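**Q** Starting from these lines, generate the structure:
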Amino acid sequence: MEIEKKTRNVKGTVGRIIAIILVAAMAAWLVSSCNKPENGANGLSAYEVAVKNGYKGTVEQWLASLVGEAGEKGQVGKSAYDLAVENGYTGTVQQWLVSLIGDAGKNGSSGEDGAAGANGESAYELAVKNGYTGTEVQWLESLVGPIGANGADGANGKNGNCIFRMDDGSCFCNINECIYCM
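**A** I've put the predicted structure just below:
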């Protein structure tokens, strides 16, 4: 009994495989035997069709003839916020605007260093370019101005105390007088 059951299962499986192979072979035969269409000649442009049907103007005139009169002004559409509210958003306009701002993106990688630039002109070279006619030494000397006048003396500071401590720590001494301390 069990052998008959296994035999039936094997026969059924083999039959299914044969059927699949036959269907695949027939499909391949159908595809390969069908005539493939050839590319036809290019069709006429819309302007050429118009000429063929009696139009007498140039392409530019024909294109201009396609433009109709201006239509009436349409109604003002809804704002993106209004559309969001219609779709369930419940916050204020300000909250909605803030919600549109995403997290800050990661910094991009650093670009490559640029090529070294050419050396610039020295201050002396710039002075010559702007009309200076002396030597570089003369130009350097021209940068030093005359000696300025002496400034007024500053105010005298307060007398301070100087503490001298002997090894035994016994002496205090003012700058102007010395007092012995114990």
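
**Q** Spell out the residue ranges of the helices in the chain.
**A** In the chain, the helices defined using DSSP state H lie at 2-33, 46-52, 59-65, 80-86, 93-99, 123-129, 136-142.

**Q** Would you format those helices as a markdown table with mean neighbour count and mean pLDDT included?
**A** Any C-beta I mention is one placed from the backbone N, CA and C, and that applies to glycine too. What follows is the helices of the chain, written out as a markdown table (neighbours: other C-beta atoms under 10 Å; pLDDT from 0 to 100):
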| stretch | mean neighbour count | mean pLDDT |
| --- | --- | --- |
| helix 2-33 | 9 | 65 |
| helix 46-52 | 13 | 91 |
| helix 59-65 | 11 | 90 |
| helix 80-86 | 13 | 93 |
| helix 93-99 | 12 | 91 |
| helix 123-129 | 13 | 94 |
| helix 136-142 | 12 | 92 |
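
**Q** Can you lay out these as JSON lines showing distance to residue 110?
**A** Compiled in JSON lines, the helices of the chain are given as follows (distance: least, C-beta to C-beta, whole Å):
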{"stretch": "helix 2-33", "distance to residue 110": "57"}
{"stretch": "helix 46-52", "distance to residue 110": "54"}
{"stretch": "helix 59-65", "distance to residue 110": "52"}
{"stretch": "helix 80-86", "distance to residue 110": "36"}
{"stretch": "helix 93-99", "distance to residue 110": "31"}
{"stretch": "helix 123-129", "distance to residue 110": "33"}
{"stretch": "helix 136-142", "distance to residue 110": "40"}
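
**Q** Residue 168: which of those helices is closest?
**A** Across the helices of the chain, residue 168 has its closest neighbour in helix 136-142 (62.4 Å, C-beta to C-beta).

**Q** Got the confidence number for the residue sitting nearest the centre point of the chain?
**A** Most central in the chain under C-alpha atoms, centre = their mean is residue 108, positioned 8.3 Å from the mean C-alpha point. Model confidence at residue 108, given as pLDDT, is 90.

**Q** for the one 5 residues further on, same thing?
**A** pLDDT, residue 113: 92.

**Q** just residue 133 next, same as before
**A** At residue 133, pLDDT is 94.

**Q** count of residues packed around it?
**A** Number of residues near residue 133 (other C-beta atoms under 10 Å) recorded here: 8.

**Q** Could you do residue 57 as well?
**A** Neighbours of residue 57 using other C-beta under 10 Å come to 13.

**Q** residues touching the spatially closest residue to residue 97 that is not a sequence neighbour, list them.
**A** Setting aside the residues directly before and after it, residue 97 is nearest to residue 81 in space (C-beta to C-beta, 6 or more residues apart in numbering), at 7.9 Å. Residues near residue 81 by C-beta atoms under 8 Å, 6 or more residues apart in numbering: 89, 93, 96, 97.
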